[in-house]
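K.L.:
Fold the stuff below for me.
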Amino acid sequence: MSISIDGAIISSPHFIGILGSGMSALAYYCRGEGMSVTGSDRLAQAADVEEIRRKLERAGCVFFPQNGSGVSAGADAVVVSTAIEETNPDIACARKRGIPVFHRSDVLAALAARKRTIAVAGTSGKSTVAAMLFELLTACGKSPSLITGAPLVFLEEQGLLGNAFHGTSDLLIIEADESDGSLVKYHPAVSVFLNVSKDHKPVEEVKELFAQLARQSGCVMVNADAPALAITGATVSFGLGADAAYHPDRIDAVSPTVRFHRGSVAFDVPIPGAHNASNAVAALCVCAHLGCFEAQCAEALSLYKGVKRRFNIVKLVSGITVIDDFAHNPEKVKAAITAAKLLCPRVLAIFQPHGFGPTRFLKNDFAEVFSKVLGENDTLYLLPIYYAGGTAVQDISSADLASLILSKAHGIYTPKDRDACLAMVKERAARGDAVLLMGARDPSLSAFAAALIKTLERNVP
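P.N.:
I've put the predicted structure just below:
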């Protein structure tokens, strides 16, 4: 099998940074389509990504050092993400040999063009809604395919990679990413717009990108509870309020799980928070559009397995609840802390900013959110800013961010490293508390969550 991008026929792509969340999904899917897939990654030998590498290799992907050898081995295209710099040896080799270099979104757009694609857009909630959609449509016999940015527990429990899947129908679920502007390359059958807030780009710029995607979509679904979206030409609206075309008749609870009704059908979502009620309604709206029965969707939703590092909850014998979450922009941080406070009266929040550029861009917004959502009994620990390598200007620190936060919180700390953070959290955490870990991009955060659990499991008062 091959795909066409700008006139180039590609059957042997080489992925630089193949172990990244978005890149691994594309590589896995392309291999499933019968392509010859190679890849390289500077973290290839790291223990944190060993399982991802093993699953890719089991699927037939071949790994090379990041020295150009993989490109020379027969690749007819090189695939990169925005994070890959032009100085990378694999790119240099491709340029020298005249092999085309494409952004990962070009490959995703080519794959999406072959399917009846459902694109999920929004600055928050894309991975959760994509996962819910996949599980619901699968349960309804629609057999969709999936390419997403985060592993589904439902798929991982089957021994699969988790963020990509080949179904037997013409349906494909993808995330339409606004962070690099690449979503305008897609022409989906259905676009779902969840929300808009300041993240990687200013809101007005994101709204323009969303408007263009909407113009290129067959059916446009918009969250009526997010007036800032203002998508022109919406086909149908969804939301929690009665002004949306598709909405719950009654919401019974948003904690410790979500429960709402439509007509005689009760829907239970096994995760807390009003934002997850909204996510579920978005997924159900798409399912209704595709002819699914609500009773069947309700049963599937009650069994929803969740997404890795999306508010994953572990309740310890010590009486402490540990929550691992991907929150990395102000709105996601606000939603995560708010949901955690629904479960436990006191929250010990640990946040690792996910890059110097994003932290610099969002510092005032982060400060405002932390100032508003942290209570006087809560505590915030700001880990050192995650550095993924490259030429990022390191002119801001977590201490700089802490100095901007005007909060009634018990304390705001900037531990020098994770060991220091573990010691501080262990000293304060007590039965009934929630310890909430937030951060993105860094594959070692899952290991840190495990270290938190191990440390706090012994912390029985």
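
K.L.:
any idea whether Ile231 is helix, strand or coil?
P.N.:
The assignment at Ile231 comes out as coil when based on DSSP: H, G, I helix; E, B strand; the rest coil.

K.L.:
does it really touch Phe210, like I thought?
P.N.:
Yes - using C-beta atoms under 8 Å, Ile231 is in contact with Phe210, at 6.2 Å. C-beta coordinates here come from the backbone N, C-alpha and C atoms, glycine included.

K.L.:
Find the residues that touch each one of those two.
P.N.:
Shared contacts of Ile231 and Phe210, defined by C-beta atoms under 8 Å, 6 or more residues apart in numbering, are found at Phe193.

K.L.:
ranges for the helices of the stretch 51-200 of the chain?
P.N.:
Ranges of helices in the stretch 51-200 of the chain, per DSSP state H, counting those that start in this stretch, are 69-72, 89-97, 104-112, 126-139, 153-156.

K.L.:
which residues are contacting the last one?
P.N.:
Looking back up the chat, that one is helix 153-156. Residues outside helix 153-156 that contact it (C-beta under 8 Å, 6+ apart) are 131, 134-135, 161-163, 165, 305-308.

K.L.:
just the second one next, same as before
P.N.:
Defining contact as C-beta under 8 Å, 6+ apart, one finds that helix 89-97 is touched by 14, 16, 40, 66-68, 70-72, 75, 78, 80, 84, 99-101.

K.L.:
Quick one: residues contacting the spatially most central residue of the chain.
P.N.:
Nearest to the geometric centre of the chain sits Ser127, at 4.6 Å (C-alpha atoms, centre = their mean). Neighbouring residues of Ser127 by C-beta under 8 Å, 6+ apart: 148-150, 175, 307, 310, 326.

K.L.:
try 7 Å
P.N.:
By C-beta atoms under 7 Å, 6 or more residues apart in numbering, the contact set of Ser127 is 148-150, 175, 307, 310.

K.L.:
and what of Pro248?
P.N.:
240, 260-262, 281.

K.L.:
Need the nearest residue in space to the residue nearest to the centre of the chain, chain neighbours excluded.
P.N.:
Ala150 (4.1 Å; C-beta to C-beta, 6 or more residues apart in numbering).

K.L.:
re the thing from before, select, out of the helices of the stretch 51-200 of the chain, the one closest to Val190.
P.N.:
With C-beta to C-beta as the criterion, Val190 lies closest to helix 126-139 of the helices of the stretch 51-200 of the chain, at 9.9 Å.

K.L.:
what residues go with each domain of this protein?
P.N.:
3-104, 115-302, 312-457 (automatic domain parsing).

K.L.:
Include mean pLDDT when you put those domains into CSV, please.
P.N.:
Formatted as CSV, the domains of the chain follow (pLDDT from 0 to 100):
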stretch, mean pLDDT
domain 3-104, 92
domain 115-302, 92
domain 312-457, 90
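
K.L.:
Return the distance of the residue lying closest to Pro144 once chain neighbours are set aside relative to Ser217.
P.N.:
Distances taken as C-beta to C-beta, 6+ apart place Leu171 nearest to Pro144, at 4.0 Å, with adjacent residues excluded. From Leu171 across to Ser217, the span is 15 Å (C-beta to C-beta, to the nearest Å).

K.L.:
Right, I'll call it a day here.
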